[in-house]
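> Coordinates only, no sequence provided:
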């Protein structure tokens with residue numbers, strides 16, 4: 001059987017689901033090779049069996065991830081520049097805050113983060129257990145998550161909130177003085193340590209009226225099942241916005257899981273034992289990356305991930321490093337979260353009558369993709385202030401134009417990272 005040649009536009013997407021990578025690119029295809037036996041990494045792993053609540057919360061987290069992706073399309077940073085985010089990191093941070101919210105604040109959180117369909121009394125425990133299974137999905141891969149609560153000294157936090165998060169979420173509790181300039185150094189050091197120095201500085205300064213900060217970090221490091229050969233890496237053009245720039249491209253030939261739809265082609269590149277993979281989505285010739293991303297919904301993802309089939313693939317894709325800082329408040333507002341940024345109701349958090357508000361929701365991320373594998377990290381911070389204060393001819397895939405990428409774990413069904421690369425990064 002013979003497969004027709006493809007010349008395809010492609011954009012790469014990264015999603016930090018510490019489970020797999022999704023990528024979209026603009027590229028070209030061709031070439032021929034004799035049939036080779038299907039390698040062992042192609043064997044499908046059994047899905048992780050979760051109890052009802054764990055399965056429900058993981059499903060809702062996944063739906064949130066795709067909703068977040070769609071809203072991010074409206075942000076210039078994602079539509080025109082390069083970006084990487086971790087949906088699971090921001091979701092984890094808000095599972096800590098949601099139980100102590102009330103009134104309109106709680107209603108908006110429930111709708112935006114899909115909490116309304118979950119048993120609130122079991123939410124944190126079920127999600128924590130799901131994440132622990134994610135973190136042990138593959139012994140050969142390093143996936144680490146950490147939580148910390150930084151509380152202004154003398155601010156009256158209800159003790160059960162701290163106790164529960166220390167027990168359920170293994171959160172570190174720190175009593176600090178946000179008016180002290182040294183506090184930011186303590187936070188930055190903690191974040192740097194938890195992200196293996198990929199996020200060395202989360203803050204340049206802190207709001208002196210801050211009363212609490214929730215920080216979640218995620219770290220990922222994995223080797224490809226089939227590494228790229230260093231000697232096969234060389235510069236070639238990356239095409240974007242009518243321009244081109246020579247950057248390092250890695251090259252490989254292997255049997256790879258492949259999917260084709262009318263508007264795109266996609267592949268899955270496995271790490272370790274195959275539970276985690278990088279998925280790459282490629283718009284067809286003259287196609288547009290944003291049009292493809294609009295199709296990446298939870299319903300389509302659930303359908304597509306079971307439709308990948310192995311083909312012989314000649315692949316070329318960029319070797320790159322990407323880092324960015326994202327202000328999530330505008331995006332969360334698009335998801336319906338508004339009251340929390342004006343005058344929030346956290347009456348279950350504190351006995352203080354001083355009105356509170358979320359002043360910052362930021363995430364800083366970095367990813368390194370090379371011949372050996374991938375290393376990525378994200379740090380999310382929520383700052384709260386006192387408002388008074390088949391056998392065929394092989395396909396050739398060259399990721400030489402804008403792309404979308406994501407890391408996804410099939411065992412726990414978790415999306416770890418998502419990102420876009422619209423212009424060549426400065427490594």
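Right, received. Where do you want to start? For clarity, every value in this text was computed on a predicted model and none was experimentally measured. Numbering: from 1, shown residues only.

> got the buried residues for stretch 239-251?
239-240, 247, 249-251 (16 or more other C-beta atoms under 10 Å). C-betas here are computed from N, CA, C, even on glycine.

> so for it, what's the average pLDDT?
Across stretch 239-251, the average pLDDT comes to 90.

> Residues in contact with it: which ones?
With contacts defined as C-beta atoms under 8 Å, 6 or more residues apart in numbering, stretch 239-251 is touched by 26, 228-229, 232-238, 314-320, 370-371, 398-402, 422-424, 427.

> What's the first helix or strand after the top strand by length along the chain?
For the chain, the strand with the greatest residue count under DSSP state E is strand 243-261. Counting by DSSP states H and E, the element after strand 243-261 in chain order, helix or strand, is strand 264-270.

> chain center to that following strand: distance?
17 Å (C-alpha atoms, centre = their mean, to the nearest Å).

> so what strands line up beside that strand?
Paired strands of strand 264-270, with direction, are strand 243-261 (antiparallel), strand 276-283 (antiparallel) (DSSP bridges).

> Any idea which of those gets closest to residue 348?
strand 276-283 (36.2 Å; C-beta to C-beta).

> Give me the buried positions along the next helix or strand after that closest one.
Sequence-wise, the next helix or strand downstream of strand 276-283 (DSSP H and E) is helix 289-295. Neighbour counts over helix 289-295 (16+ other C-beta under 10 Å) mark 289-290, 292-293 as buried.

> next one: stretch 52-65
In stretch 52-65, counting by 16+ other C-beta under 10 Å, buried: 53-65.

> Now render those residues as JSON lines, adding distance to residue 82 and secondary structure.
JSON lines is the format used below for the buried residues of stretch 52-65 (distance: C-beta to C-beta, whole Å; DSSP: H, G, I helix; E, B strand; the rest coil):
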{"residue": "53", "distance to residue 82": "37", "secondary structure": "helix"}
{"residue": "54", "distance to residue 82": "34", "secondary structure": "helix"}
{"residue": "55", "distance to residue 82": "34", "secondary structure": "helix"}
{"residue": "56", "distance to residue 82": "34", "secondary structure": "helix"}
{"residue": "57", "distance to residue 82": "31", "secondary structure": "helix"}
{"residue": "58", "distance to residue 82": "28", "secondary structure": "helix"}
{"residue": "59", "distance to residue 82": "30", "secondary structure": "helix"}
{"residue": "60", "distance to residue 82": "29", "secondary structure": "helix"}
{"residue": "61", "distance to residue 82": "25", "secondary structure": "helix"}
{"residue": "62", "distance to residue 82": "24", "secondary structure": "helix"}
{"residue": "63", "distance to residue 82": "26", "secondary structure": "helix"}
{"residue": "64", "distance to residue 82": "23", "secondary structure": "helix"}
{"residue": "65", "distance to residue 82": "19", "secondary structure": "helix"}
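
> I'd like to know which of the residues you listed is nearest to residue 412.
residue 58 (6.5 Å).

> Wait, the closest one touches residue 415, no?
No: with contact defined as C-beta atoms under 8 Å, residue 58 does not reach residue 415; the gap is 9.9 Å.

> can you list the weak-confidence ranges in the stretch 251-400 of the chain?
388-396 (pLDDT under 70).

> follow-up on the earlier one: please convert the strands paired with strand 264-270 to CSV, extending it with distance to residue 86.
Shown next, in CSV, are the strands paired with strand 264-270 (distance: least, C-beta to C-beta, whole Å):
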stretch, distance to residue 86
strand 243-261, 24
strand 276-283, 14
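
> Those strands: which one's closest to residue 127?
strand 276-283 (19.2 Å).

> still on that earlier bit, tell me the one among the buried residues of stretch 52-65 nearest to residue 179.
When those are compared against residue 179 (criterion: C-beta to C-beta), the nearest one is residue 64, at 34.7 Å.

> Surely the closest one touches residue 89?
No: counting by C-beta under 8 Å, residue 64 stays clear of residue 89, with 12.0 Å between them.

> List of residues touching stretch 224-238?
Contacts of stretch 224-238 (C-beta under 8 Å, 6+ apart): 39, 41, 244-252, 254, 269-272, 274, 316, 318-319, 370-374, 398, 400-401, 424.

> Mind checking which of those residues are buried?
The buried subset of the contacts of stretch 224-238 - by 16+ other C-beta under 10 Å - is 41, 247, 249-252, 254, 269-272, 274, 316, 318-319, 370-371, 373-374, 398, 400-401, 424.

> What about residue 160, how many residues nearby?
When counting by other C-beta atoms under 10 Å, one arrives at 10 neighbours for residue 160.

> can you check residue 288 too?
Quick note: residue 288 (other C-beta under 10 Å) scores 15 neighbours.

> do residue 179 as well
13.

> and what of the one 10 residues further on?
Using other C-beta under 10 Å, residue 189 has 12 other residues around it.

> again, but for residue 154
8.

> now for the strand or helix carrying residue 189, which elements pack on it?
Assigned by DSSP H and E, residue 189 falls within helix 182-194. Of the remaining helices and strands, those touching helix 182-194 by 3 or more C-beta pairs under 8 Å, 6 or more residues apart in numbering; DSSP states H and E are strand 142-152, strand 172-176, strand 210-223.

> quick one, the last one and strand 276-283 angle?
I take that to be strand 210-223. Put simply, strand 210-223 runs at 90 degrees to strand 276-283, going by axes from the mean of the first three to the mean of the last three C-alpha atoms, to 10 degrees.

> what stretches of the stretch 1-150 of the chain score poorly on pLDDT?
Using pLDDT under 70, the flagged stretches of the stretch 1-150 of the chain are 1-50, 76-77, 79.

> Tell me which stretches of it form helices.
52-72, 76-79, 87-97, 103-112, 120-135 (DSSP state H, counting those that start in this stretch).

> Take the ones you listed and write them to TSV, including distance to residue 281.
TSV is the format used below for these (distance: least, C-beta to C-beta, whole Å):
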stretch	distance to residue 281
helix 52-72	12
helix 76-79	15
helix 87-97	16
helix 103-112	25
helix 120-135	23
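
> Buried deepest among these, which one?
Ranked by mean neighbour count, those are led by helix 87-97 with a mean of 25 (mean count of other C-beta atoms under 10 Å).

> now that one against strand 210-223, angle please.
Interaxial angle, helix 87-97 versus strand 210-223 (the same axes, to 10 degrees): 150 degrees.
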